Every structure is written in structure tokens, then in C-alpha cells.
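In: Pasting a predicted model and its sequence here:
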Amino acid sequence: MALLDGTGSFLHPHRQQSRTILTRKTRTITRILVARLNPTEDRRDSQRRQLIINSSSSRHGRIGKKLLAIPPAFSALGGLEGPESVLQAVGVLTVIILVHEAGHFLAARLQNIHVSQFSIGFGPKLATFQRKEVEYSVRAIPLGGYVGFPDDNPDSEFSPEDPDLLKNRPILDRVLVMSAGVFANIVFAYTLLFTQTLTVGLLQQKILPGVVVPEVYASSAAARAGVRPADVILALDGQEVRSDERSVMQIVDVIKQRPGKKIQMLLQRRGEAVTVDIFPDRSKDGYGRIGVQLSPNIQTFRVKARDLADATVQASREFWKLGSKVVEGLAQVVVNFAQTADKVSGPVAIVAVGAEVARSDVAGLFQFAALLNLNLAVVNILPLPALDGGYLALIALEALRGGKKLPDKIEQGIMSSGILLILALGIVLMVRDTLNLGFVQGL
């Protein structure tokens, strides 16, 4: 989910077991950001890694009170090593929040609607200044933000009947303000991808034959058989490993079913063919395990746009791909919540993934930021209390009632309960994700 109004959610259906490594530097950002958006792939990927490693406020008082709570999570959190990469990830989040809130703010100001506050972050104020009727502030926790309106502030200098208060504006004016944050994130996401195609180029990948062995655990069945890190598994018992996204699971399935039985493994090592006989150990659950990490044999490369027309085509294609994955992931959460609820993550998870992306390839932050923007936009347009979509739903209900609003107490109750639930969810997620961090588990 991401952090949007009322704390939007950030959609990233990919929570792996806490013991697994978030991602290796040899993996492409596309795989980190896109493959993980497919819930089906997420469950398969999570199972794959585990099996292989073991071989087995008031109506219009505030808009966008954002707290970072993300519906599907980023995979297992490896850690937050590297202050520079963490700052880069936090910086990306802050900019995305700023863009979203700026959308609400500008939509209001351009219509001469009164705005009283523009805040980035939560908690104690680090810096603040007043310009005309608006207080601008930066707060200590850069994981959210909000735009404040003086509509129901008893200390406001404006009359309750002032036509320039948000609550007194026509329905269309309010719809523009409430939806502007989502629109800003969508435009920003496309702009990021367009810029990337013209500058560093989009990351692309090609799946090659075989499966790479990034790591071999000491004293494991694989180590005893002579398997080495960086080997590429080409075949098992004479059967070639497929060259697609299912290649890892193909090997996992064979190993699981063969505890204690010989498997002849054809490897490619520094351009030479090597054959080893491996006898998988039996795990506690009875499945075979060989003690390695596996990864698809992927060749990554960058594709830079030739001109503006080509940049438009490439950016549009990537935008559609990321957007489709986000929507698909959200649909899986809604349809199959029981099995996908554990994929919901909070700001700690986002920062952890962003830091890993930055460490792997700083240029990958373009796609990371685009993905966050799209997640934020999609989740926040949902008709849930405290999100942009929740406000829009109330406005739609008002329109259906012929312009008659719900009583203030009812609207306030709906929104207040939504904010409390999101705040509670955010706290739970932050605690859980922090406990899942690699360095925390190692304490």
C-alpha cells in the first residue's frame, strides 16, 4: 500500500519468509519490482526460496493523513544496511508523498479554496513557516503527510458559510481536490519512466538456459557433491532445465521428491560442463534438500530510447505493465485475503526494499518510485474510509441523494474510525516488519 490519504496502502504482493534474502545484486530491478507484484508468483517464489534454501478528523479537516501501510508486502526484509541507500529510499518516499499532497494542495488553491496546512511527515515539527493563511511544515517522521483545511476548525478566521471553504464548494470542485493526489501520482509515475528511458534506459531481462546457484551452504548435500557458487544447473538426470520463470520450481520439485536418492546434475562452470552426483538430505518434513540458493539465469541489460517517440512507446509499455501488476495484485488481496493478508507491509518494508534497490543499482530507483506511485494511486482510490476513495464515495452518495449530505456526525464517525484503523494497522506493520529485519533477527 503506500501512504496516501488516510494512509493509503502500498501494494506489493511479495512477502517471503523472513529467513530468505530480499534480493541479490545480480537480480534485475524489473524482477525485484515487477515479478513480485504477481501474487501467484509471490507465493511460488516464497515457497521456492524456502524449499531451496532448505531444499524444501472532520469531514474536510484533513486530506491525506498518510501513514505508510502497504497491502502486499515486499519480500522478506534482509536489513537496512548502508545509511546512504536507506536515505535514498526515504528520499524517494518523501518525494512521492510530496507529489501526492501537492496534487491536493494545488487543486484546492487553483480553485481559491481555503487551505490551512501543508505537512510532510508526522510527529514533532522540524521546520515550519507561515505564508498567508497556510502553515507549511516538515515533521520528524517522513512517512506520510497531509493537507489541512479550516472547514470545521472552531478557531478559524473564516465564517462557516464562506463559499471558499471546501465543504461549501460544488460537488465537482470537491471531486477535483480529492482525486488530484491520485492523478498527480499517476502522472509522476509516467514521468519517471519516460525520464528513465531517455537517460539511463529501462532495465530489461532475458532468461537464459539453466538456473544459477548464487550460494552453497557449508556441509550441505550440494557442498559435499562439489557444487560451487556461480555454477549454472543445466540438467537433472539428463532432463534439461527449462528456460523460463518456472525453471527454479522445476529443480525444487525434483529435489523435494528425491531425499536420499542420487540425482545426476549437469553444471556449467566457467564455460565448461561439469557433472556431479548429489544425494539430497531429508528435511524434518520428509522432503529432499540440498542446501543452496537458486535464481533464474537472467541476463540484464538497459534499453535507452532513440528519440522522444521511442521514449513514449517504451514508457507507456512499462507503465502499463507495472499498473497491470498492481491492479492484479490488489485484486488477489481482495479475492483471497486469507492467504494474502501476510503480504501487507508498512513503511519499514518499503524502506528496506528501496534501500536494497539503491544498493543494487541506484538507477533502479526510477522504477521503484514509479511502482510506489502506482501502488499509492490504486490503493488510495479505493472507497475505504480515510482514503481518497472514501471521501469520493461520500461525495458520490451525496450526489445520489440529490445534493443532500450525510449528517456531520455520521461522516465524522466513518472517517475517524477509518483513520484509527489505519493508524493501528500501520503500527502493527511497522513493528512486525522491524522484527523481520535481518539484523534485528540476528540480535
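Out: Here it is on my side, so go on. Residues are numbered from 1 along each chain as shown.

In: what's the neighbour count on residue 84?
Out: Close neighbours of residue 84, defined as other C-beta atoms under 10 Å, add up to 11. The C-beta positions use only the backbone N, C-alpha and C, and glycine is treated the same way.

In: Please read the previous query as pertaining to residue 218.
Out: By the measure other C-beta under 10 Å, the count of residues near residue 218 is 7.

In: got any ranges where this protein has weak pLDDT?
Out: 1-83, 143, 337-347, 362, 433, 436-443 (pLDDT under 70).

In: Strands of that one, start to end?
Out: Along the chain, counting by DSSP state E, strands occupy 62-63, 70-72, 117-131, 134-148, 202-216, 232-236, 239-240, 263-269, 272-278, 281-282, 288-289, 292-303, 344-345.

In: Need those strands in a markdown table (columns: distance to residue 104).
Out: Converted to a markdown table, those look like this (distance: least, C-beta to C-beta, whole Å):
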| stretch | distance to residue 104 |
| --- | --- |
| strand 62-63 | 5 |
| strand 70-72 | 20 |
| strand 117-131 | 9 |
| strand 134-148 | 5 |
| strand 202-216 | 30 |
| strand 232-236 | 51 |
| strand 239-240 | 55 |
| strand 263-269 | 55 |
| strand 272-278 | 59 |
| strand 281-282 | 57 |
| strand 288-289 | 52 |
| strand 292-303 | 35 |
| strand 344-345 | 25 |
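
In: how about the ones you listed, which one is nearest residue 399?
Out: strand 62-63 (18.8 Å; C-beta to C-beta).

In: OK, contacts around the residue lying closest to residue 391 once chain neighbours are set aside?
Out: Nearest residue to residue 391 in three dimensions, chain neighbours excluded: residue 178, at 4.7 Å (C-beta to C-beta, 6 or more residues apart in numbering). For residue 178, the contacting residues are 63, 104, 388, 391, 392, 395, by C-beta atoms under 8 Å, 6 or more residues apart in numbering.

In: any idea how far residue 351 is from residue 178?
Out: Distance of residue 178 to residue 351, given as C-beta to C-beta, to the nearest Å: 28 Å.

In: Also residue 399?
Out: Distance from residue 399 to residue 351, by C-beta to C-beta: 40 Å.

In: More neighbours: these two, which one.
Out: More neighbours surround residue 351 than the other of residue 399 and residue 351, with 25 against 13 (other C-beta under 10 Å).

In: how much space between the nearest residue to the more buried one once chain neighbours are set aside and residue 349?
Out: If the residues on either side of it in the chain are set aside, residue 351 comes closest to residue 89, at 4.8 Å by C-beta to C-beta, 6+ apart. Distance of residue 89 to residue 349, given as C-beta to C-beta: 11 Å.

In: now residue 160
Out: Computed with C-beta to C-beta, the distance linking residue 160 and residue 349 is 42 Å.

In: The two: who's more crowded?
Out: Neighbours were counted for residue 160 and for residue 349 using other C-beta under 10 Å; residue 349 has more, 32 against 11.

In: right, and the more buried one touches residue 429 too?
Out: Yes - counting by C-beta atoms under 8 Å, residue 349 touches residue 429, with 7.5 Å between them.

In: circling back: quick one: residues contacting the residue nearest to residue 351.
Out: Shown in contact with residue 89 (C-beta under 8 Å, 6+ apart): 350, 351, 352, 353, 354, 355, 357, 358, 365.

In: now do residue 278
Out: Residue 278 makes contact with 221, 222, 224, 225, 227, 262, 263, 265, 290 under the criterion C-beta under 8 Å, 6+ apart.

In: do the same with residue 231
Out: Counted by C-beta under 8 Å, 6+ apart, residue 231 has contacts 212, 213, 267, 268, 269, 274.

In: Residue 295 versus the closest residue in space to the fifth one that isn't next to it in sequence, what's the distance?
Out: To tie it back to what came earlier, the one meant is residue 269. Excluding the flanking residues, the one nearest residue 269 by C-beta to C-beta, 6+ apart is residue 231, at 5.3 Å. As judged by C-beta to C-beta, residue 231 and residue 295 stand 12 Å apart.

In: anything in contact with each of the two?
Out: Residues touching both residue 231 and residue 295 (C-beta under 8 Å, 6+ apart) are 212, 213.

In: Please pick the buried ones from the contacts of residue 231.
Out: Buried by 16 or more other C-beta atoms under 10 Å: 212, 213, 267, 268, 274, out of those.

In: and the last one, what does it touch?
Out: Residues in contact with residue 274 (C-beta under 8 Å, 6+ apart) are 226, 231, 266, 267, 268.

In: Is it correct that residue 287 is in contact with residue 254?
Out: No - applying C-beta under 8 Å as the test, residue 287 and residue 254 come out as separate, 11.2 Å apart.

In: separation between the residue nearest to residue 269 and residue 203?
Out: Residue 231 is 25 Å from residue 203, by C-beta to C-beta.

In: per the record, what domains does the protein have?
Out: Domains of the chain are assigned by automatic domain parsing as 29-202+308-441, 206-299.

In: How far off centre is the longest one?
Out: Taking the mean of its C-alpha atoms, domain 29-202+308-441 sits 10 Å from the chain's own mean (C-alpha atoms, centre = their mean, to the nearest Å).

In: Buried residues in stretch 85-100, which are they?
Out: Buried residues in stretch 85-100, counted by 16+ other C-beta under 10 Å: 85-86, 88-90, 92-100.

In: Quickly check these for the two that are furthest apart.
Out: Spanning the widest gap among those are 85 and 100, at 23.2 Å by C-beta to C-beta.

In: Only the C-alpha atoms, please, for stretch 133-146, written as CSV.
Out: Extracted C-alpha coordinates of stretch 133-146, given in CSV (Å, rounded to 0.1, in the frame of the first residue of the first chain):
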residue,chain,number,x,y,z
GLU,A,133,-3.2,31.6,5.5
VAL,A,134,-1.2,28.3,5.1
GLU,A,135,1.2,26.8,7.6
TYR,A,136,3.9,24.7,5.8
SER,A,137,5.8,22.2,7.9
VAL,A,138,8.3,19.3,7.8
ARG,A,139,8.0,16.8,10.6
ALA,A,140,10.3,14.3,12.1
ILE,A,141,8.8,11.1,10.6
PRO,A,142,8.9,11.3,6.8
LEU,A,143,6.5,8.5,6.2
GLY,A,144,3.3,10.4,5.4
GLY,A,145,1.8,13.8,5.1
TYR,A,146,-1.5,15.8,4.8
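
In: Okay, buried residues for it please.
Out: 134, 135, 137, 138, 139, 142, 143, 144, 145, 146.

In: Same check on stretch 270-289?
Out: Buried residues in stretch 270-289 (16+ other C-beta under 10 Å): 274, 276, 278, 279, 280, 281, 282, 287, 288, 289.

In: any idea how far it is from the chain center?
Out: Taking C-alpha atoms, centre = their mean, one finds the center of stretch 270-289 at 34 Å from the center of the full chain.
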